[in-house]
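Asker: what shape does this take:
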Amino acid sequence: MDMENNLVPIDWIDWNAQIFANLDVSETTRQEYSSRVKMFIDFIQERGFNKNSYLEYKRNLSQKTDFAVSTKNKYLIVARVYCKELHRQGFLPIDITQNIKSFQQSRKHKKDGFTEDEIQRILRYIQEQENNRDICRKKVLRLLTGKSKSIKSCLKLRFLLASKTGQLSI
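Answerer: Numbers count the residues shown, from 1 in each chain. Predicted coordinates for the structure are as follows:
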């Protein structure tokens, strides 16, 4: 097969379900892949499919300013899995993803989860609120999920987590 010309003249949209059906992944992952691969398929339908399609797709993703690096990586990984599976199943003579790296991601924007101690402090505080336990739970959940617009409440939760005793009224 000539890799310079368009490869595999098929209906890409119908075919992706067949390719992902043969992956050893959960059904949820398969559905995510099927959803995200559409952007790659649109890209190769528009530009043709050749030995540099994956690299060109990565470069195209890198220009997207409306995607975070983690989102770009998700789309790139799906395209990689798709191309590797095409190769594994014999539809591509070479692995066009070889030696092409993912996007570099800094950990600066990542937030660490709560520690076990912090969770225990929050639970202890909620349990101590005999009269207002339901209200307190709702307030804490709003704070933890970012739904609270009260800066004062957010600062109180931070203080609660930082305090040694874990005692504070929200």
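Asker: wait, residue 54 touches residue 78, no?
Answerer: No. Between residue 54 and residue 78 there is no contact under Cβ atoms under 8 Å: 11.3 Å. (C-beta placed from N, C-alpha, C; glycine too.)
Asker: okay, now the unreliable bits of this protein?
Answerer: When residues are selected by pLDDT under 70, those of the chain lie in 1-17, 107-114, 126-127, 129-170.
Asker: quick one, helices of this structure?
Answerer: 12-21, 27-47, 53-62, 69-88, 116-128, 133-144, 151-162 (DSSP state H).
Asker: number of nearby residues for the nearest residue to residue 79 once chain neighbours are set aside?
Answerer: Once flanking residues are discounted, residue 79 sits nearest to residue 40: 4.1 Å by Cβ to Cβ, 6 or more residues apart in numbering. Residue 40 has 24 neighbouring residues, counting by other Cβ atoms under 10 Å.
Asker: what distance do you get for residue 40 to residue 106?
Answerer: Noted for residue 40: a distance of 25 Å to residue 106, by Cβ to Cβ, to the nearest Å.
Asker: go on, residue 31?
Answerer: With Cβ to Cβ as the criterion, residue 31 and residue 106 are 29 Å apart.
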